[in-house]
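S.K.: Kindly return the folded structure for what I paste below:
(one chain, ligands or ions: 2)
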Amino acid sequence: MEMKEVPEPVVVKPTDVKIRMSVIGICGSDIHYYTKGQIGSQVVEYPFSVGHEGAGIVVETGESVKKVKPGDLIAIEPAMPCWECDQCLAGRHHTCRKLRFLGCPGQAEGCLMEYIVMPEESCFPLTGKLTPDHGSISEPLAIGIYAVKKSGGVKDLKIGIFGYGPIGMSVMLAAKAEGAESLYVTDKIDQRLSVASKEGASGIINPLTEDVVERIKHITHLGLDTVFECCGQQEAFDQAIEVLKPGGRLIVVGIPEFDLWSMNVENTRRKEISIQFIRRQVDCVDTALEMMKERRISVGNMVTHRFPFNKTKEAFDLVADYRDGVMKAMIDF
Ligand SMILES: [Zn+2]
Ligand SMILES: [Zn+2]
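M.R.: Ligands and ions are numbered 1, 2, ... in the order given. Here you go, the predicted model:
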């Protein structure tokens, strides 16, 4: 990773918004590109800039832009759909056929740079007491909110969250706000589990020292209604199938580093488990900002580390090595 001087991007289209970045959060997917150079078939060609969880200040707008004006503090939604394909027309613009996503190889450079230009639709003004950190966190939080919504709701249900990085935490915050009855969290890092405790987890389990399946069955007797897999690990997927009630739902949010999931045919079939995969989120950035603004969700425990822009490599190395109890590391410009 290195710093590079590149030409400043310019406003070309009437809907373009030029933004001076204030902060970006480092995401697990940025780390996949950094350490492995790819996620599945999306392979990085160097040089390439990553980053998609950002907030900044509008410095210039194209002639037709109405949503924001220079000086506005904004959250950036990293997805740039075409708004014309079958997916976009069906309201599924997160799976747009011609999607461009910040920091996604072959689609768009990331926002880990001082200035970027984005379409107006991707700009969400930060109003009230919302800070640039809230803006940046709205991206992972929106994924948690979307996963909970896509699960069919969690009110009064017994929920498992397997993997408690920033996405697991986002699911937790959303599930809590939506009235889940109890929340059982697993992670291999004890510091993360203590954050989950602080957030009100009913039970925390470290799979390195305890049997997740036995412990959850022991506490809940009948099992869990819904499990959110948030770490992309086969063992978490298998544990989820084991601890789910008949008719339970497995929501797969984690991004694995392998190519094929496997599943126990007998258990998934006999229990009639529903499995729902999650692809990022759609239309939940507004909700995320709204919920933080109304204090229905507090993300105070999410950011654990901060680095200046010129120390970006240190930040990435820290997150890649899961060092020092890191949840979310932020880069300040
Ligand atoms: Zn992200
Ligand atoms: Zn489209």
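S.K.: what about the residue sitting nearest the centre point of the chain, which SS state?
M.R.: In the chain, the centroid-proximal residue (C-alpha atoms, centre = their mean) is Pro140; its distance is 2.8 Å. With DSSP: H, G, I helix; E, B strand; the rest coil as the basis, Pro140 sits in helix.
S.K.: Show the pLDDT at it.
M.R.: Listed pLDDT for Pro140 reads 97.
S.K.: Contacts only, for it.
M.R.: Applying C-beta atoms under 8 Å, 6 or more residues apart in numbering to Pro140 gives the contacts Gly25, Cys27, Glu53, Pro166, Ile167, Ser170, Lys328. The C-beta positions use only the backbone N, C-alpha and C, and glycine is treated the same way.
S.K.: if we go to 10 Å?
M.R.: 25, 27-28, 52-53, 165-171, 173, 280-281, 288, 299, 302, 328 (C-beta atoms under 10 Å, 6 or more residues apart in numbering).
S.K.: what do you get for Met263?
M.R.: Gln234, Phe237, Asp238, Ala240, Ile241, Leu250, Arg269, Ile273, Ile275.
S.K.: export those residues to JSON lines and tack on neighbour count and distance to Ile205?
M.R.: JSON lines is the format used below for these (neighbours: other C-beta atoms under 10 Å; distance: C-beta to C-beta, whole Å):
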{"residue": "Gln234", "neighbour count": "14", "distance to Ile205": "17"}
{"residue": "Phe237", "neighbour count": "23", "distance to Ile205": "16"}
{"residue": "Asp238", "neighbour count": "18", "distance to Ile205": "15"}
{"residue": "Ala240", "neighbour count": "28", "distance to Ile205": "13"}
{"residue": "Ile241", "neighbour count": "20", "distance to Ile205": "16"}
{"residue": "Leu250", "neighbour count": "23", "distance to Ile205": "17"}
{"residue": "Arg269", "neighbour count": "10", "distance to Ile205": "26"}
{"residue": "Ile273", "neighbour count": "20", "distance to Ile205": "20"}
{"residue": "Ile275", "neighbour count": "15", "distance to Ile205": "22"}
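S.K.: which one of those residues is nearest ligand 2?
M.R.: For the contacts of Met263, the minimum distance to ligand 2 (C-beta to the ion) is 25.6 Å, reached by Ile275.
S.K.: In three-state terms, label the closest one for me.
M.R.: strand.
S.K.: what residues are up against Thr131?
M.R.: Ser22, Val23, Ala55, Leu73, Ile137, Met292.
S.K.: and ligand 1, which of those residues reach it?
M.R.: Among these, no residue is within reach of ligand 1 (C-beta under 5 Å from the ion).
S.K.: Export those residues as a markdown table, with columns for secondary structure, neighbour count and distance to Lys155.
M.R.: Listed next are the contacts of Thr131 as a markdown table, based on DSSP: H, G, I helix; E, B strand; the rest coil; neighbours: other C-beta atoms under 10 Å; distance: C-beta to C-beta, whole Å:
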| residue | secondary structure | neighbour count | distance to Lys155 |
| --- | --- | --- | --- |
| Ser22 | strand | 21 | 36 |
| Val23 | strand | 22 | 33 |
| Ala55 | strand | 28 | 31 |
| Leu73 | strand | 19 | 34 |
| Ile137 | helix | 29 | 24 |
| Met292 | helix | 24 | 20 |
